[in-house]
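*Asks:* Let me see the structure of the following:
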Amino acid sequence: MQEKLVRELIGQGVLHTDPVIAAFNKVRRSDFVHEELQPNAFEDAPLPIGYNQTISQPTTVAIMLELLQVQPGDRVLEVGCGSGWLTGLLAVLVGSTGIVYAIDVIPELVDLTKDHLQAYHFKNIDARWGNGWQGLPRHAPYNRIIVSAAAPSVPSALTAQLVRGGRLVMPIGGDLQDLVLVEKPEDGPLREEHHPGFQFVPLVTHDHHG
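*Replies:* Reported below is the predicted structural model:
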């Protein structure tokens, strides 16, 4: 079923680079959804994971990862790890010399991520509670930052934690969002590239101004 999903995503043109295809083949979406939703695991649709959160639809995850262009050895910050599927995909992409810092504002989802990933025995994931508006300054800077929840604009704390030459991908907007690729060039201002027509849960805002 996973193989069929990967073939469909390649056919749609949303999966097209070898490392991302390999990650999709290795980390099975069915390992990250509730038992009763297993029959739906390979559908191209978001699924509930509890706490008013969802696991993103495969098309969206593929587009985000293709935009992010994770390299082996990268330090990646993932905001909103949810049930851990994207965390696992990122862990494959950064390889043994990289590290994925995965944060979520809902502690139960951090635990869920850890539970789901146990079977994969990754040694390059650090999952913990964190507020996405603040990022994770303690382990900054990051080569790549990916956010699976929408905000009205890119939090300045996140772009501050991005290395020069780094990339950030996140949804920006109200009810319907643009998926935005932010590039931080070696010098000069940030560059943004917008891809319209996405829908994500909102980036939880509590305490972000405190």
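*Asks:* CA only for contacts and neighbour counts going forward, please
*Replies:* Fine.
*Asks:* if I pick Thr54, what's in contact with it?
*Replies:* Counting by C-alpha atoms under 8 Å, 6 or more residues apart in numbering, Thr54 touches Pro46, Leu47, Pro48, Gly82, Val201.
*Asks:* what's the spacing between the longest strand along the chain and its chain's center?
*Replies:* Secondary structure of the chain per DSSP state E: the longest strand is strand 162-173. Relative to the centre of its chain, strand 162-173 is centred 12 Å away, using C-alpha atoms, centre = their mean, to the nearest Å.
*Asks:* swap in stretch 90-106?
*Replies:* Centre-to-centre, stretch 90-106 and its host chain are 9 Å apart (C-alpha atoms, centre = their mean).
*Asks:* and if you look at stretch 112-123?
*Replies:* Put simply, stretch 112-123 sits 16 Å off its chain's centre (C-alpha atoms, centre = their mean).
*Asks:* Residues contacting that stretch from elsewhere in the structure, which ones?
*Replies:* Taking C-alpha under 8 Å, 6+ apart as the rule, stretch 112-123 contacts Asp31, Phe32, Cys81, Gly82, Ser83, Gly84, Trp85, Thr87, Gly88, Ala91, Ser96, Ala127.
*Asks:* Dump the residues you listed to CSV, plus pLDDT.
*Replies:* Below are the contacts of stretch 112-123 laid out as CSV (pLDDT from 0 to 100):
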residue, pLDDT
Asp31, 96
Phe32, 97
Cys81, 96
Gly82, 94
Ser83, 96
Gly84, 98
Trp85, 98
Thr87, 98
Gly88, 98
Ala91, 98
Ser96, 97
Ala127, 98
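*Asks:* out of those, which one sits closest to Tyr142?
*Replies:* For the contacts of stretch 112-123, the closest approach to Tyr142 (C-alpha to C-alpha) belongs to Ala91, at 14.3 Å.
*Asks:* Okay, and that closest one sits in which element?
*Replies:* Element membership of Ala91 [criterion: DSSP states H and E] is helix 85-94.
*Asks:* for whatever helix or strand Glu192 lives in, packing partners?
*Replies:* In the assignment (DSSP H and E), Glu192 maps to strand 191-198. Packing contacts for strand 191-198, counted by 3 or more C-alpha pairs under 8 Å, 6 or more residues apart in numbering; DSSP states H and E, involve strand 177-184.
*Asks:* partners of the strand it packs on, with directions?
*Replies:* With DSSP bridges as the test, strand 177-184 is paired with strand 162-173 (antiparallel), strand 191-198 (antiparallel).
*Asks:* Need the winner for burial among the ones you listed.
*Replies:* strand 162-173 (a mean of 23; mean count of other C-alpha atoms under 10 Å).
*Asks:* residue ranges of the helices in the chain, please?
*Replies:* 2-11, 18-26, 58-68, 85-94, 107-117, 156-160 (DSSP state H).
*Asks:* Now do the end-to-end distance for stretch 145-159.
*Replies:* Separation of the first and last residues of stretch 145-159 by C-alpha to C-alpha, to the nearest Å is 9 Å.
*Asks:* buried residues in it?
*Replies:* Across stretch 145-159, burial judged by 16 or more other C-alpha atoms under 10 Å covers Ile145, Ile146, Val147, Ser148, Ala149, Ala150, Ala151, Val154, Leu158, Thr159.
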